[in-house]
Each structure stands twice: as C-alpha cells, then as structure tokens.
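Just to be clear, the model below is a prediction. Sequence and coordinates:
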Amino acid sequence: MGGRARISHQQLICAAFITKVAAATLYLPTAMVKLGRNGGWVAPLVAIALGALPASLLVGTLVRRHPGYSPGEMATQLLGNWAARLFTLLLALYSLYVSVLAMRDVTEFIPTAILPATPTLAISLTFMLAVVYGAYSGAEVISRLAVVSTILLLSGLALVGVTVIGLIQPLNLLPVADRGLGQVLSASWPPIGFFAECWALFPFVGMLDKGQTAVRGLVLGAVVGGVYLAIETALVSAVFGVDFAETFTFSGYTLTQQVSIGEFVERLDIILVNFWMISMVAKLSIHFWTAVTGASYTLGLKNERILLLPLGAILIAWTEYRPDITSHMDFSIHMWPYISLGFSIGLPGLLLVASWVRAHRSRTRSGMGA
C-alpha cells in the first residue's frame, strides 16, 4: 500500500461518499421512516455528527501526525510489530465483513429488481470478479471509479427529484419530532453504522497528496452523503407517506420506479439500478482492497496480489452463508452500528493515544537531555 500511489482531495471525498451511500440508499430510508416517522429524513444529518465526525477526526489527526505512513507502518511505529499485525488483521477482518454485508445487499436486490431467475451465486461471482479486478488495479483506479460513481448517484437523485415533483406532498414531512427528540435520535442509529465506516478508508487517507486535508475530505464526503440520504428519505416520505413507505423493503428502488418523463419515456429505474450497481462495485472494491492490504501486512507478504483470489473465494463463501434478507437487514440496522462504532472509534483512538504518549515521552527525554 506504500507511499508511491497518490489520490487527490476530491477523490477522497468521493470515496467517503460512496462508502456511506452506495448500500444505504437501497433500504436505509425505510428503516429511518419506521423509527423516525415524519422526522426520519433528518436522521442522516444527525448521523454525520455522531458517526462520521468522530471517526474522521481520529483518522485525519493520525495521518497529519504521521504523514506518509500506511496503517501497518504507523501501528508498527507506535505499538510494536506484533501489536501492529493484530491491528492490521482487525482492519482486514472489518473491511472484509463490510464487503460481505455489501455483497449480500447485491445478491438480495438484483434478483428482486431485474434478474428474478438468476442464482445468487452467479451474481456474487460476477461481482466478486469485478471487485478483485478493481483491487488488483489499485487505490488510484478505485478512487477514479468512486468519482464516476458519485457523479452517477448524484445525477440519478437529481433525475428522481425532478420527475416525481408532482407527486410530492410536503405535509408528509411534518411534524419532524411529534414524539420528542428521541424520535430523531432513534432514527439516526441505523445510518450511524454506515457513516462510521470511514475508518476503513485509513489506507486511502494515507495516500493523500496533501495529508493535511484528510479530515476535511472525510467530513465533506460524509456531509454530501448525509444530505443525499436526507433528500432521498424526504422524497420517499413526501411521495408515499410514512405509513406506506415503512412497508417497503427497498424503498430507494420503489421511489425510482415512479420516475418517467412524460408518457413516452418510462422504466428509467433500470438505468438508475445500473448506476447503483456501479457504485456498489466501487464500494466493494474500496473495502476489499483495504482487506487485502491489511491481510498482506499481517502476513508479511511483499506481493499483496496473491491474496486477491483467496480472499475473493472467502468473500463468496461468507456471503452465501449469511442468513435470510430479514435477518440480514435487522442485523445491519440494529447491531451493525455497535460493531462499526467500536472498531471505528476504538482502534484509531488506540493509535492516537499511543501517538500522544510517544510524543510526550520524546519531549520528556529531550528536556532531560538538555
């Protein structure tokens, strides 16, 4: 993962956006409407502050204090060799599991929407090959794909907003908190798990051409993602009403099915589904590449590419082992935020504390020497 590759500030923003929105756009609006009712659309904005901001500050601060270091190199310097290997192993397992969750979203949604007779194994195998190729191409190529995916998703949301404007009932968005502030906080819990995932971008952040912009890039990506999900959830609520919207499985897709231009251009939802699939390839590639690089550092491998196909096979097997869609969504909405926050705050926080302790000892020794 070294220091030779470089990504720009704009590419980091897009990577942060994609990791938060690509999977969440599919079914998260339904969860937020169920928990927050009319105020569910405010929840992504709260999740920025409670999920993305702390993780972004921790990762960005580490990169500023130790510019040019990969996560493994930084952990080795601060914690020692064996602790660093454990750190990169946890990073790899976390990122691989996020890949499994995202792949399961793909294999559940595509047969429902466009390929009902296609076996899930065929879909997951196709996506796995695309993701392995993305990881093989490296962080710079993945970052460019994230930029393209961001443009496609934002364009798709703009198209949806313009074409369904006649169906919108603004009063469906009020009152925001008729049952108190706890209503909005409860609705913000599911997106917090997605927004905290930015710590898996740790290796990408270390490749920034200007490391001092790390926090700003991660936070801006989260802000754009939060606004995107807020607008999408507001459209779902305003078009269908909360009582109807909370019954959908894939509320984002149901909203796109309403898109048409006049009475002569219909089924534009297929185009928007293709936009979404490209964004999922980008998200999966980001997390899978992080898993591969973390695992290669843990094993002390000089060529990380030899892990691509073995980890790809594990990704397929793990995806097929996941439970049914209801259990999968319940886990993603209720349990995943605990796990995501624990990793995203705990592990970077440990490195940052070690960095402060090391700096303090260094200053103390310098003072004693003087």
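Arrived safely, thanks for sending.

Could I get the pLDDT score of Val162?
Here, the pLDDT recorded for Val162 equals 87.

what's the following helix or strand after the helix or strand hosting it?
Using DSSP states H and E, Val162 sits in helix 139-163. Sequence-wise, the next helix or strand downstream of helix 139-163 (DSSP H and E) is helix 181-195.

which residues sit against the following helix or strand past that following helix?
Counting by DSSP H and E, the next helix or strand C-terminal to helix 181-195 is helix 202-205. Here helix 202-205 makes contact (CB atoms under 8 Å, 6 or more residues apart in numbering) with 1, 7, 12, 15, 59-60, 62-63, 70-71, 91, 139, 143, 211, 214, 217-218, 286, 289-290, 293-294, 348. No exception for glycine: its C-beta is placed from N, CA and C like everyone else's.

Also stretch 18-27?
By CB under 8 Å, 6+ apart, stretch 18-27 touches 52, 101-102, 105, 109, 146, 149-150, 153, 191, 194-195, 197-198, 200-201, 221-222, 225-226, 228-229, 232, 249-253, 276, 279-280, 282-283, 286-287, 329.

ok, of these, which come out buried?
Among those, the ones that count as buried by 16 or more other CB atoms under 10 Å are 52, 101-102, 105, 109, 146, 149-150, 153, 191, 194-195, 197-198, 200-201, 221-222, 225-226, 228-229, 232, 250-253, 276, 279-280, 282-283, 286-287, 329.

Counting neighbours, what do you get for Gly346?
Neighbours of Gly346 under the rule other CB atoms under 10 Å: 12.

now do Ala22
Neighbours around Ala22, by other CB under 10 Å: 28.

try Lys302
Lys302: 6 neighbours (other CB under 10 Å).

does it sit in a helix, a strand or a coil?
What DSSP: H, G, I helix; E, B strand; the rest coil gives for Lys302 is coil.

how much space between it and Ala295?
13 Å (CB to CB, to the nearest Å).

residues bridging contact with those two, i.e. touching both?
Between them, Lys302 and Ala295 share no contacting residue, judged by CB under 8 Å, 6+ apart.

quick one, what contacts Gly349?
Leu58.

do that again at 10 Å, thanks
Pro54, Ala55, Leu58, Leu62, Trp199 (CB atoms under 10 Å, 6 or more residues apart in numbering).

Which two of those have the greatest separation?
Pro54 and Leu62 (12.9 Å; CB to CB).

could you give the angle of the strand or helix carrying Leu347 to helix 181-195?
Leu347 belongs to helix 336-369 when assigned by DSSP H and E. Helix 336-369 and helix 181-195 meet at an angle of 70 degrees, taking axes from the mean of the first three to the mean of the last three CA atoms, to 10 degrees as the criterion.

Show me where the chain has its strands.
Secondary structure of the chain (DSSP state E): no strands present.

Ile192 reaches Trp336, doesn't it?
Yes: Ile192 lies in contact with Trp336 (CB atoms under 10 Å); the separation is 9.2 Å.

Could you check which of those two is surrounded by more residues?
Ile192 (24 against 21).

Now stretch 52-67 - C-alpha only, PDB.
This file holds the C-alpha atoms of stretch 52-67, laid out as PDB (Å, rounded to 0.1, in the frame of the first residue of the first chain):
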ATOM      1  CA  ALA A  52     -18.700  10.200  10.700                       C
ATOM      2  CA  LEU A  53     -17.300  13.200  12.500                       C
ATOM      3  CA  PRO A  54     -15.500  11.300  15.400                       C
ATOM      4  CA  ALA A  55     -14.100   8.600  13.100                       C
ATOM      5  CA  SER A  56     -13.000  11.300  10.600                       C
ATOM      6  CA  LEU A  57     -11.200  13.400  13.200                       C
ATOM      7  CA  LEU A  58      -9.400  10.300  14.600                       C
ATOM      8  CA  VAL A  59      -8.100   9.100  11.200                       C
ATOM      9  CA  GLY A  60      -7.400  12.500   9.900                       C
ATOM     10  CA  THR A  61      -5.400  13.500  13.000                       C
ATOM     11  CA  LEU A  62      -3.400  10.300  12.800                       C
ATOM     12  CA  VAL A  63      -2.500  11.000   9.200                       C
ATOM     13  CA  ARG A  64      -1.500  14.600  10.000                       C
ATOM     14  CA  ARG A  65       0.800  13.400  12.900                       C
ATOM     15  CA  HIS A  66       2.400  10.600  10.800                       C
ATOM     16  CA  PRO A  67       2.300  11.700   7.100                       C
END
